[in-house]
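*Asks:* have a look at this fold, sequence not included:
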């Protein structure tokens, strides 16, 4: 891809990100006139309900949507490249299963809502460590990583179902709701913590994009090209998994973003991860923010779970794209 | 001298203008948002229908509740909408509404009161009295509670001498779910002169049981809480077991979930009347 086209694509993505930010801040769960919303957007020191709606309800949600969308899409791209597998996504390696277990235990022990993200994150960390341990014993090869991750997912989901069957109905209800994925209950501190985790980690992944490029050739070729694939894979796996863990802790399990956004971007900017990762970050943020805006307005005042929208919109959109494209190269 | 009169006039003016405000302000909330059907129903029975400004899409009783503004579903309320209505009191129930919702609303500086979930008749009564206190309708709440309590006692006294019916109370078909000793529906059975065949077997509020166990317990009455088309099929299913006492005597009943699943004093009484009439039709024919 030449430089000009590249600059064109990225400026378009950045423009779209700004546009989606604007659209999402104007589209909300209540009928607030667009000009008022714009006014308060530029006058953060005002007072009154409308100002609070924009600054305390809509913006935190939009920002969290951007962070989570960016994080998930970036991790999806990384895992697909790292594992050389088109089906890989942020949850493939068991992170979501661990988070679900953490949440179930937290809810079962009656932990209050504020600390549930901490439990989710601890659960993710546990599953990351276990998968890491399994893979380390087997030279960190792709099959062991994938199988280890899938096995851990099954193990964790069985444990979650075990907890379901012995806990109270309302607790089960609470766990399922949490797992459905939701951006509505964010707060400023949560966003600060999440961005503290996610943004530097995404930067680190950018730093490794050349190594990911080489890893997509396979472990053996990477070795000949002077990349210590085992070492690099370990580092990348840990970083990407912790981003996923932070996303899941902040917003529950939001599917599809991490799977389709990287594929879509790969078709547009190509397989070079130096371009693919930033493009996926931008596109992931755009996609999730727009889906969440749609979730809020489609059957207003009722709200849809955002996962429903990512699944339906993303699925239809991606399917039509898949049918249109002639050659489908992953690497 | 003149300024003295002025001062007095001023004081009088403020007394006249401000006093009613102060009195009314202390009187209770003016803009209430209810996040569960049971609270909506209770508010109406306390005569607070006017002050209730918005409800969930699940709040279908009483019928007037349908005319109120809707702020989303029970599980996924629209926080922005609630906030934009600037309520002075939001009433929620822990374990029914999500903790995240309650936390978020509180963090916006709204006055959120979260009740505990009612699992017993006493819980229902206490929650209702608390609601009365919060909304400045304590007297009315006490009146209703006294009336309900008297009637509940009357019914339970009346059936005391009668032989207790062994009841299987089914709330879910696939998987088969019943109620344990800690569910408030268990008290329907108790006060209506029956025994829940699974009351002693599980600590869980809504235990799963196997069909074999139900047959082994051989209940004399089966009560199916209506949950869609499945219930009718369940009735046919249980009727096939001719050795089952309830099937033999034809005492397999359907009961509307709306009547027996609302944790409010008045609905508890209505549910109890219904169950008592099913368990002891000979004593409660007129009551129905």
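*Replies:* Alright, I've got the coordinates. Remember, predicted model here, so these are calculated numbers, not experimental data. Numbering: from 1, shown residues only, chains lettered A, B, ... in the order given.
*Asks:* only C-alpha atoms for contact and neighbour calcs from this point on.
*Replies:* Noted.
*Asks:* name the helices or strands packed onto whichever helix or strand residue A:321 is part of?
*Replies:* Taking DSSP states H and E as the definition, residue A:321 sits inside helix A:306-324. With contacts taken as 3 or more C-alpha pairs under 8 Å, 6 or more residues apart in numbering or on different chains; DSSP states H and E, helix A:306-324 sits against helix A:257-269, helix A:273-297.
*Asks:* let me know which of the ones you listed is the nearest to residue B:139.
*Replies:* Relative to residue B:139, the nearest member of the helices and strands packed on helix A:306-324 by C-alpha to C-alpha is helix A:273-297, separated by 41.3 Å.
*Asks:* packing partners of that closest one?
*Replies:* Short answer (3+ C-alpha pairs under 8 Å, 6+ apart): helix A:273-297 packs on helix A:3-26, helix A:59-83, helix A:188-207, helix A:209-215, helix A:257-269, helix A:306-324.
*Asks:* could you give the bridge partners of the residue in chain B positioned nearest to chain A?
*Replies:* Proximity of chain B to chain A (C-alpha to the nearest C-alpha) peaks at residue B:72, 4.1 Å away. Beta-bridge pairing of residue B:72 under DSSP bridges involves residue B:77.
*Asks:* number of nearby residues for it?
*Replies:* 25 (other C-alpha atoms under 10 Å in any protein chain shown).
*Asks:* try the one 3 residues further on
*Replies:* Applying other C-alpha under 10 Å, we find 18 other residues in the vicinity of residue B:75.
*Asks:* now residue A:293
*Replies:* Other residues close to residue A:293 by other C-alpha under 10 Å number 27.
*Asks:* so what's residue B:28 up against?
*Replies:* By C-alpha atoms under 8 Å, 6 or more residues apart in numbering or on different chains, residue B:28 lies in contact with B:134, B:135, B:136.
*Asks:* same thing but at 7 Å, please
*Replies:* By C-alpha atoms under 7 Å, 6 or more residues apart in numbering or on different chains, the contact list for residue B:28 reads B:135, B:136.
*Asks:* most tightly surrounded among the helices and strands packed on helix A:273-297?
*Replies:* Mean neighbour count (mean count of other C-alpha atoms under 10 Å in any protein chain shown) peaks for helix A:59-83 among the helices and strands packed on helix A:273-297, with a mean of 28.
*Asks:* helices and strands around it, which ones?
*Replies:* On a contact count with 3 or more C-alpha pairs under 7 Å, 6 or more residues apart in numbering or on different chains; DSSP states H and E, helix A:59-83 meets helix A:3-26, helix A:188-207, helix A:209-215, helix A:229-251, helix A:257-269, helix A:273-297.
*Asks:* the fourth one and chain B in contact?
*Replies:* Spelled out, it's helix A:229-251. No: Helix A:229-251 lies out of reach of chain B by C-alpha under 7 Å from any C-alpha of the partner chain, never closer than 11.0 Å.
*Asks:* cool, the second one as well?
*Replies:* No: remark: helix A:188-207 sits outside contact range of chain B, by C-alpha under 7 Å from any C-alpha, the gap being at least 10.0 Å.
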